[in-house]
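Colleague: Predicted model and sequence follow; I will ask about them next.
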Number of protein chains: 2
Amino acid sequence: MQDSQTSESTQKTIEETIVSGILSAKIRPGTRLSENQLATLFSVSRTRVREAMMRLETRGIVHVSPRRGWFVVEPSAEEAIAVYEARRVIEAGLLRSMRVLTDEGSKALDVHLNEEKTAMAAGDRQRLTYLMGDFHIRIAELSGNAIIVDILRDLTARTILISMLYQSEFHAAQSHDGHCRIFEAMQAGDFVRAAELSVEHLDEVEMGLDLTTRPDPLSELRSSLSLPPKTVSPTPGPKKPQLQRSN
Amino acid sequence: MQDSQTSESTQKTIEETIVSGILSAKIRPGTRLSENQLATLFSVSRTRVREAMMRLETRGIVHVSPRRGWFVVEPSAEEAIAVYEARRVIEAGLLRSMRVLTDEGSKALDVHLNEEKTAMAAGDRQRLTYLMGDFHIRIAELSGNAIIVDILRDLTARTILISMLYQSEFHAAQSHDGHCRIFEAMQAGDFVRAAELSVEHLDEVEMGLDLTTRPDPLSELRSSLSLPPKTVSPTPGPKKPQLQRSN
DNA sequence: TCTGGCTATCTTGCATACAAGACAGGAAAG
DNA sequence: CTTTCCTGTCTTGTATGCAAGATAGCCAGA
């Protein structure tokens, strides 16, 4: 990484604890993150918690509602689309730019895919969620480019939040299959094909979302209030429903 | 973009002032950013300056040397390579994913290229630096994807810092020409070609760097210490003149 | 002159105190 | 019973104070 791991290990711990909690689907979108609670939880003062929150905010993981609190982001449908778009662009661009798949890289992906299969057989859904996201990070790691890895990690975290909001059912087998096919193309040295498959894979996952479902039941009401109570509007276009309320 | 612009306008101002200072090459890499000075400069307390610094740190713009101070990053040669690699991946991926160039988009790029030409004729190097980076951001804006725009803005800022460190001479005409050719391919609807040209363009710029020149004269010494001293340079090497001086 | 160490000063690191807005719950009025 | 308002409590926003490390410059000793 570009920064030294010199000091502030605690800060990084707060940040990373939250991010990895999201990556493994243990923290839901909209979860309230109280500065005081985190402070006592990590045995630090609010100052340091705040710094971690600020960092997470610039990473698009968390947002603050002024004087009300910090919340794990609940991406709107538009933001969800943007996240998938960004991932397609970056992951396809990355695969296209690859020239070789090293033996260690091949081995790492193979191990990973076996873990996916194991988790799938065990029905360990949380672990599966984590692994499904991690696959893409693993690919990024093959490039050795820390910048891209960081970007994709944050986008993956957001993707998982999106899944928790909009994904009706979890097509684990389909995703796993997609990963396997990408891997096969890479092994064959056909990175263009791998890129195409990656785009298709992300499309599939995105298609599996129900982006018409509002995470906030109030927004339905809200939008119907600003409309004539007739039977109009096949799709009422409400503003981004950014209300929080998770537990 | 992804965060609301709800409050903390001052914070954003500190952040954006620094970033735009970098984008227009008014702030050099290694510039010291004193919390106290910024605090008085922006008429706020250190607290808010610190928050801005934390944010800039996660964006890869600034780094902190513990108990010594905040500094605008001085990317190493390896980091410079990673930044260009990331830009190639993302920008090529972006162009490949484009399907149409709207009239407004075409117009915007045309206006931009004329500005480049004007600045080039006027020999306004600072403005030229800004415009040369901004071209790529403009392209990102065409996608309408705020995530990608943010990512590329930060990478562009880093690119400019890299240029200030390693670029021996400024091939403005060559860059401008590269931009024009990308634009032409886009106008022709050939986004695959535009992506290829974009990669070539970034390659050219990267090749124009002298990545063997160390920004830190001490590293020469450092490396020579672990090497047989063929020709010892008697330069005592004064520390980097990292004073802030923007105009 | 050169070297070594000490101290004064400047920097960030971190905690805490207080301000101020948001919200919930209850009391009072209708 | 319903509505309104008020107040207590909880939240973040911001400044400030103090601790501790880093640095520069001076002074003494060789």
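Modeller: Structure received. Since this is a predicted model, take the numbers as computed values, not measurements. Numbering: from 1, shown residues only, chains lettered A, B, ... in the order given.

Colleague: Kindly give the local confidence score, pLDDT, for A:Thr6.
Modeller: Here the pLDDT value assigned to A:Thr6 is 31.

Colleague: residues in contact with A:Asn114?
Modeller: Counting by Cβ atoms under 8 Å, 6 or more residues apart in numbering or on different chains, A:Asn114 makes contact with nothing. Placement of C-beta: from N, CA and C, glycine included.

Colleague: next one: phi and psi at it?
Modeller: Note on A:Asn114: its backbone torsions stand at phi -70, psi -40 [degrees, to the nearest 10].

Colleague: just A:Arg68 next, same as before
Modeller: Main-chain dihedrals, A:Arg68, degrees, to the nearest 10: phi -110, psi -40.

Colleague: Apart from its chain neighbours, what residue comes closest to A:Ala86?
Modeller: Excluding the flanking residues, the one nearest A:Ala86 by Cβ to Cβ, 6 or more residues apart in numbering or on different chains is B:Ile147, at 4.4 Å.

Colleague: now that neighbour: how far from DNA strand C?
Modeller: Relative to DNA strand C, B:Ile147 is positioned 28 Å away (Cβ to the nearest atom of the strand, to the nearest Å).

Colleague: what mean pLDDT does the helix or strand hosting that residue have?
Modeller: For B:Ile147, the element it lies in under DSSP states H and E is helix B:146-166. If you average the pLDDT over helix B:146-166, you get 97.

Colleague: Packing partners of that helix?
Modeller: helix A:77-97, helix A:146-166, helix B:9-23, helix B:77-97, helix B:125-142 (3 or more Cβ pairs under 8 Å, 6 or more residues apart in numbering or on different chains; DSSP states H and E).

Colleague: For the third one, which residues meet the burial criterion?
Modeller: This points to helix B:9-23. For helix B:9-23, the neighbour count (16 or more other Cβ atoms under 10 Å in any protein chain shown) marks B:Gln11, B:Ile14, B:Glu15, B:Thr17, B:Ile18, B:Val19, B:Gly21, B:Ile22, B:Leu23 as buried.

Colleague: Next, give phi and psi for the residue lying closest to A:Leu33 once chain neighbours are set aside.
Modeller: Leaving aside its chain neighbours, A:Leu33 sits nearest to A:Trp70 (4.3 Å; criterion: Cβ to Cβ, 6+ apart). Torsion angles at A:Trp70 (phi, psi; degrees, to the nearest 10) stand at phi -100, psi 140.

Colleague: any idea which of the helices and strands packed on helix B:146-166 scores lowest on pLDDT?
Modeller: Among the helices and strands packed on helix B:146-166, helix B:9-23 carries the lowest mean pLDDT (a mean of 86).

Colleague: Next, the angle helix B:146-166 makes with it.
Modeller: 50 degrees (axes from the mean of the first three to the mean of the last three Cα atoms, to 10 degrees).

Colleague: Report the backbone C-alpha coordinates of helix B:9-23 in CSV.
Modeller: Extracted in CSV, the C-alpha atoms of helix B:9-23 (Å, rounded to 0.1, in the frame of the first residue of the first chain):
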residue,chain,number,x,y,z
SER,B,9,-19.1,23.0,3.4
THR,B,10,-15.8,24.3,4.9
GLN,B,11,-14.3,20.9,5.0
LYS,B,12,-15.1,20.3,1.4
THR,B,13,-13.5,23.6,0.6
ILE,B,14,-10.2,22.7,2.2
GLU,B,15,-10.2,19.4,0.4
GLU,B,16,-11.2,20.8,-2.9
THR,B,17,-8.9,23.8,-2.6
ILE,B,18,-5.9,21.5,-2.2
VAL,B,19,-7.0,19.1,-4.9
SER,B,20,-7.7,21.8,-7.4
GLY,B,21,-4.4,23.4,-6.4
ILE,B,22,-2.7,20.1,-7.4
LEU,B,23,-4.8,19.7,-10.6
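
Colleague: Next, A:Ser168: phi, psi?
Modeller: Phi and psi for A:Ser168, reported as degrees, to the nearest 10, are phi -70, psi -50.

Colleague: give me the number of residues near it?
Modeller: 9 (other Cβ atoms under 10 Å in any protein chain shown).

Colleague: Which residue, other than its chain neighbours, is closest to it?
Modeller: In space, A:Ser168 is closest to A:Asp210, 5.1 Å off (Cβ to Cβ, 6+ apart).

Colleague: In this structure the one you found contacts A:Leu165, no?
Modeller: No. When contacts are counted by Cβ atoms under 8 Å, A:Asp210 is not listed as touching A:Leu165 (9.5 Å).

Colleague: Have a look at these two and say which one is more surrounded.
Modeller: Using other Cβ under 10 Å, the more surrounded residue of A:Asp210 and A:Leu165 is A:Leu165, with 23 against 12.

Colleague: Could you measure from the more buried one over to A:Val73?
Modeller: A:Leu165 is 10 Å from A:Val73, where distance means Cβ to Cβ, to the nearest Å.

Colleague: Could you check how many residues crowd around the residue in chain A that chain B sits nearest to?
Modeller: Nearest to chain B in chain A, going by Cβ to the nearest Cβ, is A:Gly93, at a distance of 2.4 Å. Applying other Cβ under 10 Å, we find 25 other residues in the vicinity of A:Gly93.

Colleague: Please list all residues in contact with it.
Modeller: A:Ala195, B:Arg88, B:Val89, B:Ile90, B:Glu91, B:Ala92, B:Gly93, B:Leu94, B:Arg96.

Colleague: which two from those end up farthest apart in space?
Modeller: A:Ala195 and B:Glu91 (15.0 Å; Cβ to Cβ).

Colleague: can you list the domains in chain A?
Modeller: According to automatic domain parsing, chain A comprises the domains A:9-72, A:77-207.

Colleague: got CSV for the ones you listed, with distance to B:Tyr84 too?
Modeller: Formatted as CSV, the domains of chain A follow (distance: least, Cβ to Cβ, whole Å):
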stretch, distance to B:Tyr84
domain A:9-72, 23
domain A:77-207, 10
